[in-house]
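Colleague: Need a 3D model of the following:
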Amino acid sequence: MTKAPDLKEFAIFAGHLADLSRSVAQREFQNIPAFQNKQDGSPVTAADEAVEAELLRAIRAKYPDHGILGEESGSSNLDRDFVWVVDPIDGTKSFATGTSTFGSLIALCYQHRPVVGVIELPVSGWRYVGVEGEPTTFNDTPVTTRKDLTLADCVLSASGGEFFRGPAPRSGFEALRQQCDWTVYGAGCSAFGSLSRGLIDICLEGANLATFDFCALAPVVEGAGGRITDWRGQPFSLVADMNHRAEGVVATGDVKLHDEVLRILNA
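Modeller: Alright, predicted model coming up:
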């Protein structure tokens with residue numbers, strides 16, 4: 001596996017992008033704009049578009065030769081070694097209803113592999129940064145997942161009522177949920193940050209997630225000592241097709257439990 005060069009430089013710039021996102025998102029959150037539904041039925045607000053436009057301007061100014069994949073504005077130069085992946089408001093339904101679990105997801109992929117990831121939570125002022133080969137940080141402090149657990153010790157996080165759209169296995173989820181200590185719902189990208197801090201142990205997201213929904217999560221989870229795959233156990237990578245949807249997301253803080261979680265989900 002070839003390691004991307006100069007990741008520290010890119011991580012600093014990703015933090016700058018998160019600063020821009022925080023500023024715009026906090027401003028827009030004070031006067032939440034009306035939302036519209038996109039062709040796929042998902043909501044979008046003027047804030048999604050404003051945050052993404054600000055981030056893309058900064059990326060193009062700093063790294064004009066890099067590719068970009070943005071949720072709202074599409075893609076450019078995806079054949080480049082370095083591609084920035086931006087989800088300006090991850091959790092638009094949360095944002096549009098005035099709740100605070102939304103975030104901005106910013107990732108850098110090198111040769112299709114996510115190597116830098118930022119989970120920016122503008123309302124709380126919390127930020128998780130993952131960089132390949134480095135420990136994940138929470139507001140600049142290194143964090144780690146919980147280890148040496150049984151399922152009975154685990155706190156499970158899952159999506160809300162839309163969790164089982166597509167192939168997400170309800171029976172497998174119920175079997176897993178019953179073995180865990182307790183379950184929280186609807187925390188979105190913030191749950192993956194909490195997993196990196198050892199506050200949540202298993203994170204599940206259903207199908208219908210695109211590249212910009214999961215690229216930033218992988219470096220954060222892995223840099224804290226966890227593992228993240230799709231429901232079939234495959235690692236995540238950049239997918240240029242905007243219509244591609246992942247077969248769910250499974251993240252575990254204790255890597256020794258990951259295969260057991262997959263087995264139960266897919267039984």
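
Colleague: Which helix or which strand is home to V83?
Modeller: In the assignment (DSSP states H and E), V83 maps to strand 82-90.

Colleague: which other helices and strands contact the helix or strand that comes right after that strand?
Modeller: The helix or strand immediately downstream of strand 82-90 is helix 92-96, counting by DSSP H and E. Packing contacts for helix 92-96, counted by 3 or more CB pairs under 8 Å, 6 or more residues apart in numbering; DSSP states H and E, involve strand 43-45. For the C-beta atoms, the positions are set from N, CA and C on the backbone; glycine is no exception.

Colleague: before we move on, back to that, so what strands line up beside the strand holding V83?
Modeller: Looking at strand 82-90 with DSSP bridges, its partner strands are strand 67-70 (parallel), strand 103-110 (antiparallel).

Colleague: Switch the ones you listed over to JSON lines; also include mean neighbour count.
Modeller: Converted to JSON lines, those look like this (neighbours: other CB atoms under 10 Å):
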{"stretch": "strand 67-70", "mean neighbour count": "22"}
{"stretch": "strand 103-110", "mean neighbour count": "28"}
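
Colleague: would TSV of the ones you listed with mean pLDDT and distance to D81 be doable?
Modeller: Listed next are those as TSV, based on pLDDT from 0 to 100; distance: least, CB to CB, whole Å:
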stretch	mean pLDDT	distance to D81
strand 67-70	93	9
strand 103-110	96	6
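
Colleague: Put together a markdown table for these, with distance to A50 on each row.
Modeller: What follows is those, written out as a markdown table (distance: least, CB to CB, whole Å):
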| stretch | distance to A50 |
| --- | --- |
| strand 67-70 | 12 |
| strand 103-110 | 12 |
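
Colleague: G225: which of these is closest?
Modeller: Proximity to G225 (CB to CB) singles out strand 103-110 among the strands paired with strand 82-90, at 19.1 Å.

Colleague: Show the subsequent helix or strand relative to the closest one.
Modeller: As the chain continues past strand 103-110, the following element, by DSSP H and E, is strand 113-121.

Colleague: Show me what whatever helix or strand comes next after that following strand is in contact with.
Modeller: Once the chain leaves strand 113-121, the next helix or strand it forms, by DSSP H and E, is strand 126-131. Strand 126-131 has contacts (CB atoms under 8 Å, 6 or more residues apart in numbering) with 7-8, 11, 14-15, 18, 115-121, 136-139, 143, 190, 192-193, 196, 216, 218-224.

Colleague: next one: stretch 67-76
Modeller: For stretch 67-76, the external contacting residues (CB under 8 Å, 6+ apart) are 44, 48-49, 52-53, 55-56, 59-60, 77-80, 82-88, 210-212, 238, 240, 242.

Colleague: list the buried ones in the helix or strand containing E9?
Modeller: Per DSSP H and E: E9 is located in helix 7-29. Of the residues in helix 7-29, 7, 10-11, 13-15, 17-18, 20-22, 24-25, 28-29 count as buried by neighbour count, 16 or more other CB atoms under 10 Å.

Colleague: ditto for stretch 111-118
Modeller: Neighbour counts using 16+ other CB under 10 Å place R113, P114, V115, V116, G117, V118 of stretch 111-118 among the buried residues.

Colleague: Nearest to H258, out of the buried residues of helix 7-29: which one, please.
Modeller: Nearest to H258 among those, with distances taken as CB to CB, is L7, at 24.8 Å.

Colleague: Hmm, R113 and the closest one touching each other?
Modeller: No - using CB atoms under 8 Å, L7 is not in contact with R113, being 11.6 Å away.
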